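Q: Would you be able to build a 3D model of this:
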Amino acid sequence: MAEPATKKAKVESLGTLTYFPLFAKGLAPALCAELSGLAWKSNKDTGFAMDKWEDLKASGKPPFGQLPILETDKGMVIGQTTAICNYIGRVSGLEGKDDEDFATSQMLIAAGEDLYNLMQKYQPTKFVKSKSEDNNKFWSEILPAEAKKLQALLEKGPNPAAGFTSSTSVGELYFFAMLHQAVLVTSDCLAPTPALQKWYESMKALPGVAKVLAGDSAFGTLEQYFVPVQ
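A: Next up, the predicted model:
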């Protein structure tokens with residue numbers, strides 16, 4: 001899989017992305033921003049860190065009182081992770097080259113949200129060290145079932161070897177961002193779905209993705225949010 005070929009962009013710069021230095025809901029928009037081919041700023045440029053959140057929240061700037069936010073050069077402040085990623089897709093051309101790509105991309109965003117919400121329910125985090133739900137059930141039953149659905153979607157696509165969409169889309173980046181967080185907790189969780197595993201590895205190898213994961217993008221270092229059961 002190659003880096004996406006950026007269409008003629010509708011803006012010169014995405015603006016400034018702000019989020020805590022965590023994967024969680026920060027990885028997806030950081031990946032979309034980096035692979036958009038457009039200039040963008042983030043925590044490295046602004047110096048934003050955890051200890052600055054209360055002041056930012058009190059300012060009323062975040063529309064929903066939460067992060068991430070994307071401040072565009074026109075002064076708009078976009079809240080909600082899915083909205084930010086879709087905005088980036090629209091202005092940069094990563095929304096998909098045709099209607100089918102767009103629809104698939106949107107399905108992947110929804111699937112990514114489903115996976116994230118499941119992990120929030122079952123998996124301990126950096127801040128919540130234990131969950132009441134059956135963690136073993138998540139890894140032995142729930143995640144494998146979801147992975148099989150995604151592998152089936154991949155294999156039904158126009159070119160499974162290239163990915164879910166004909167070129168890298170915000171939906172692929174969004175789903176990868178959530179799947180990557182699962183792999184960080186359980187490294188062999190994709191073993192039963194080899195085609196999905198291969199797609200995951202190809203996405204991880206993209207230079208822009210590797211740059212974000214290494215902490216070398218404008219976002220800076222991201223820490224793991226979901227953690228193994230202790």
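
Q: by contact count, what packs against the strand or helix carrying residue 101?
A: Secondary structure from DSSP states H and E places residue 101 in helix 99-122. Packed against helix 99-122 by the contact rule (3 or more C-beta pairs under 8 Å, 6 or more residues apart in numbering; DSSP states H and E) you find helix 81-92, helix 143-155, helix 170-185. C-beta here means a position set from N, CA and C on the backbone, and glycine is covered the same way.

Q: now it, how far from the centre of its chain.
A: Centroid separation for helix 99-122 versus its chain: 10 Å, with C-alpha atoms, centre = their mean, to the nearest Å.

Q: For that helix, which outside residues touch it?
A: Here helix 99-122 makes contact (C-beta atoms under 8 Å, 6 or more residues apart in numbering) with 25, 28, 82, 85-86, 89, 95-96, 131, 133-135, 137-138, 142-143, 146, 149-150, 153, 157-158, 164-167, 169-172, 174-175, 177-179, 181-182, 226.

Q: quick revisit: with mean neighbour count, mean pLDDT and distance to residue 106 added, can I get the helices and strands packed on helix 99-122 in TSV?
A: Listed next are the helices and strands packed on helix 99-122 as TSV, based on neighbours: other C-beta atoms under 10 Å; pLDDT from 0 to 100; distance: least, C-beta to C-beta, whole Å:
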stretch	mean neighbour count	mean pLDDT	distance to residue 106
helix 81-92	22	98	8
helix 143-155	16	97	12
helix 170-185	25	98	6
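
Q: For residue 14, grab the count of nearby residues.
A: Residue 14 has 28 neighbours, counted by other C-beta atoms under 10 Å.

Q: Would you confirm that it belongs to a helix?
A: No: counting by DSSP: H, G, I helix; E, B strand; the rest coil, one finds residue 14 to be strand, located in no helix.

Q: wait, it sits on residue 70?
A: Yes: counting by C-beta atoms under 8 Å, residue 14 touches residue 70, with 6.8 Å between them.

Q: Export stretch 89-97 to CSV, keeping only CA atoms.
A: Only the C-alpha atoms of stretch 89-97 are listed here, as CSV (Å, rounded to 0.1, in the frame of the first residue of the first chain):
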residue,chain,number,x,y,z
GLY,A,89,-11.0,14.0,4.3
ARG,A,90,-13.2,16.6,2.6
VAL,A,91,-10.7,19.4,2.3
SER,A,92,-7.7,17.1,1.4
GLY,A,93,-9.4,14.5,-0.9
LEU,A,94,-9.0,11.6,1.5
GLU,A,95,-12.7,11.0,1.7
GLY,A,96,-12.5,8.5,-1.2
LYS,A,97,-12.2,8.8,-4.9
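
Q: what sits up against it?
A: In contact with stretch 89-97 (C-beta under 8 Å, 6+ apart) are residues 4, 6-11, 14, 32, 35-38, 86, 88, 101-105, 165-171, 173.

Q: buried subset of those residues?
A: 4, 11, 14, 32, 35-38, 86, 88, 101-102, 104-105, 165-171, 173 (16 or more other C-beta atoms under 10 Å).

Q: May I have the phi/psi pair for residue 69?
A: phi -130, psi 150 (degrees, to the nearest 10).

Q: Any stretches of this structure with poor pLDDT?
A: 1-8 (pLDDT under 70).

Q: now the residue most central in space within it: how far from residue 115?
A: Most central in the chain under C-alpha atoms, centre = their mean is residue 28, positioned 2.1 Å from the mean C-alpha point. Distance of residue 28 to residue 115, given as C-beta to C-beta, to the nearest Å: 11 Å.

Q: What of residue 210?
A: For residue 210, the distance to residue 115 - C-beta to C-beta - is 22 Å.

Q: Neighbour count: these two, which is higher?
A: Counted by other C-beta under 10 Å, residue 210 and residue 115 do not tie: residue 115 has more neighbours, with 22 against 14.
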